[in-house]
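Q: Got a predicted model here, sequence first, then my questions.
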Amino acid sequence: MRGQLILIEGLDRSGKSTQAGLLTERLAQAHSSQLYKFPDRSTPIGALINKYLTDSSFQLDDHSAHLLFSANRWELYTELLQALNDGKFVVLDRYIYSGIAYSLAKSSLKHASSELGDVDWLYSPDKGLPKPDLTLFLSLSIEELGKRKGWGQERYELEQFQKEVKSCFLRILDPSKDSTVHLVNVEGKSIHEVQQVIWDVVVEAGCDK
Ligand code: T5A
Ligand code: NA
């Protein structure tokens, strides 16, 4: 039987990696589970993405950057699909919605996407990747993010840009249009409290079995 594909999305430093790791461990109590993080900086395309994120002098056209993030997901596609087909429960730390939201937040690509019919151009390179059975978006105020450790070190960690990204995420992740999408308010919650809320949503959605 195919395993479940559970995605954790959110802004930079919202606690995705912490929660994705804890969820993978929790699922491992009853199933074989595996975690994938995107971008995966260990691959050939991931190395280029890492350079782009950490070296402000390294420039890429926004369209090219968008395609690279998608290409990075395709690098892991065969392995990820195999894991799911082997019955593994797969947890994703960012995925296609990050790809859309961060690009949509750039004025250059907003223009491209509206010309080509809303966000069609942005979605097209990810077409064919497995859709998550459940997506949890960790929602937190920009003020709180700015207080988190290491904030401001990478390309996109700018307050105004994150505000824009947040509104793009909320535009494409709409629980009233897609029942697999859940918004999780993590404001003022401890790591343990967020973990419990996430687990409740997973169980409620039947994604723990
Ligand atoms: N990107 C990504 C794209 O543009 N397109 C794409 O297609 C994809 C996939 C790097 C950048 O790439 C962009 C988005 C990003 O700008 P990344 O490597 O995932 O992506 O980078 P970050 O999101 O910045 O990863 P972080 O590890 O910094 O953030 P997390 O995973 O959200 O946060 P986490 O768990 O590491 O926690 C951050 C800090 O907060 C603390 C933790 O201990 C840690 O110190 N923390 C809490 N503190 C208080 N209360 C809580 N509840 C806490 N939870 C965690
Ligand atoms: Na992370």
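A: Yep, that arrived. Residues are numbered from 1 along each chain as shown. Ligands and ions are numbered 1, 2, ... in the order given.

Q: what does this structure put close to ligand 1?
A: Within the chain, the residues that sit near ligand 1 (Cβ under 6 Å from any ligand atom) are 10, 12-18, 38-39, 53, 69, 94, 98-99, 102, 148-149, 154, 156, 186, 189-191, 194. Where C-beta positions appear, they are placed from N, C-alpha and C, glycine not excepted.

Q: of these, buried ones?
A: 10, 12-16, 18, 38-39, 53, 69, 94, 98-99, 102, 154, 186, 189, 194 (16 or more other Cβ atoms under 10 Å).

Q: Restricted to strands, list the residues you listed.
A: G10 (DSSP state E).

Q: Quick one: list the elements packing against the top helix by length along the chain.
A: Counting residues, the longest helix found in the chain (DSSP state H) is helix 62-85. Under the contact criterion of 3 or more Cβ pairs under 8 Å, 6 or more residues apart in numbering; DSSP states H and E, helix 62-85 touches strand 33-37, helix 44-54, strand 89-93, helix 96-104, helix 107-115.

Q: and the angle from it to helix 44-54?
A: Put simply, helix 62-85 runs at 130 degrees to helix 44-54, going by axes from the mean of the first three to the mean of the last three Cα atoms, to 10 degrees.

Q: Need the distance between the two termini of stretch 90-110.
A: Its first and final residues considered, stretch 90-110 spans 32 Å by Cα to Cα, to the nearest Å.

Q: Report the buried residues of that stretch.
A: By neighbour count with 16+ other Cβ under 10 Å, stretch 90-110 contains the buried residues 90-106, 109-110.

Q: If we ignore the residues flanking it in sequence, what's nearest the spatially most central residue of the chain?
A: The chain has R94 as the residue nearest its centroid, 2.0 Å off, counting by Cα atoms, centre = their mean. The shortest distance from R94 to any non-neighbouring residue, by Cβ to Cβ, 6 or more residues apart in numbering, is to F38 (4.5 Å).

Q: Tell me the spacing between G99 and E159.
A: 22 Å (Cβ to Cβ, to the nearest Å).

Q: Now do the same for S114: its pLDDT.
A: For S114, the pLDDT comes out at 67.

Q: For the protein, give me the ranges with low pLDDT.
A: 111-118 (pLDDT under 70).

Q: Identify the residues contacting the nearest residue to T54 once chain neighbours are set aside.
A: Computed as Cβ to Cβ, 6+ apart, the closest residue to T54 that is not its neighbour in sequence is E154, at 6.1 Å. Neighbouring residues of E154 by Cβ atoms under 8 Å, 6 or more residues apart in numbering: D12, L53, T54.
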